[in-house]
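*Asks:* need a structure here:
(one chain, ligands or ions: 1)
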Amino acid sequence: AKINLIIPAAGTGQRMQSEQPKQYLQLNGLSLLGHSVSRFQEWASQYQHTLNTVVVLPKGDTLPSEVVGVVTCTGGASRADSVFAGLKALASLDALSEDWVMVHDAARPLVLATDIERLYQTLVADEVGGILAEPITATVKQAKANVIEKTLNRESLFLAQTPQMFRFGLLMQALIDCDRSQITDEAAAVEGLGLCPKVVLGSRQNIKITVPEDLVFAQSWLKHPSE
Ligand code: C5P
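*Replies:* Numbering: from 1, shown residues only. Below is the predicted model:
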């Protein structure tokens with residue numbers, strides 16, 4: 001099938017404590033952005049999908065040379081602003097309202113082709129769409145000023161990952177209607193329309209690189225891949 005893909009890579013990566021924004025950091029000789037894009041390109045060729053990819057970059061930046069076969073656009077102040085810019089770029093590439101759009105963080109370089117395909121196959125006939133997510137194994141406390149208010153029931157809690165997959169027209173509407181400075185994923189914008197996105201089981205190795213020690217995990221996963 002034909003699938004539109006937006007890779008938001010317009011963040012500053014302040015929590016990484018490095019000079020470079022994290023999407024350009026190297027992991028085994030390839031930028032995080034390069035890993036993320038090539039994981040999708042490998043998935044598409046393995047499962048015979050056609051990808052239409054927009055990479056959203058900080059203003060004035062150019063693509064690392066290893067990233068090929070994509071178009072670029074300039075991002076905004078928040079992640080949702082950057083995704084919104086990506087949707088507008090897809091609109092000028094003739095994306096249709098009913099087309100599927102996947103959004104995947106440049107900072108999740110270890111996403112597995114089997115997980116992307118599970119998301120796609122599980123939701124392809126769905127009206128709304130949904131996200132990859134992992135169950136929570138920790139005990140989670142809700143607290144204010146260091147005082148525990150309650151213990152949440154982890155049976156019903158998930159950590160949201162990307163890719164997240166929604167219909168083009170629906171996601172555009174959701175991002176027009178929501179407060180883009182507040183939401184941290186696409187599903188939250190779609191929930192804001194009163195719709196119920198689905199959760200599809202993802203793998204734990206699909207981490208988001210956020211702080212320096214995450215790179216150490218990523219390196220060891222690349223040494224001992226699960227597929
Ligand atoms: O900051 P965070 O880890 O949540 O960023 C997730 C992804 O969103 C990263 O790939 C980052 O580059 C991207 N992003 C963006 N535009 C922003 C902020 C973050 O494209 N303004």
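*Asks:* mind listing the helices for the chain?
*Replies:* For the chain, the helices defined by DSSP state H occupy 32-47, 79-91, 113-123, 168-177, 186-191, 212-223.
*Asks:* what comes into contact with the shortest one?
*Replies:* The contact list for helix 186-191 (Cβ atoms under 8 Å, 6 or more residues apart in numbering) reads 80, 83, 103, 128-131, 160, 164, 166, 170-171, 174-175, 177-178, 183, 197. (Each C-beta comes from the backbone N, C-alpha and C, glycine too.)
*Asks:* and it with the ligand, contact?
*Replies:* No - using Cβ under 6 Å from any ligand atom, helix 186-191 never reaches the ligand; the gap is at least 11.2 Å.
*Asks:* what pLDDT, on average, does that helix get?
*Replies:* Taken as a whole, helix 186-191 carries a mean pLDDT of 98.
*Asks:* list the buried residues of that helix.
*Replies:* Glu186, Ala187, Ala188, Ala189, Val190, Glu191 (16 or more other Cβ atoms under 10 Å).
*Asks:* which non-adjacent residue is nearest the second one?
*Replies:* Read it as Ala187. Nearest-residue entry for Ala187: Pro197, 4.5 Å, with adjacent residues in sequence omitted and distances by Cβ to Cβ, 6 or more residues apart in numbering.
*Asks:* ok, now which ones touch that neighbour?
*Replies:* The contact partners of Pro197, by Cβ under 8 Å, 6+ apart, come to Val128, Gly129, Gly130, Ile131, Gln164, Phe166, Ala187, Val190, Glu191.
*Asks:* specify which member of the residues you listed is nearest to the ligand.
*Replies:* Gln164 (11.8 Å; Cβ to the nearest ligand atom).
*Asks:* where does that closest one land on pLDDT?
*Replies:* For Gln164, the predicted pLDDT is 98.
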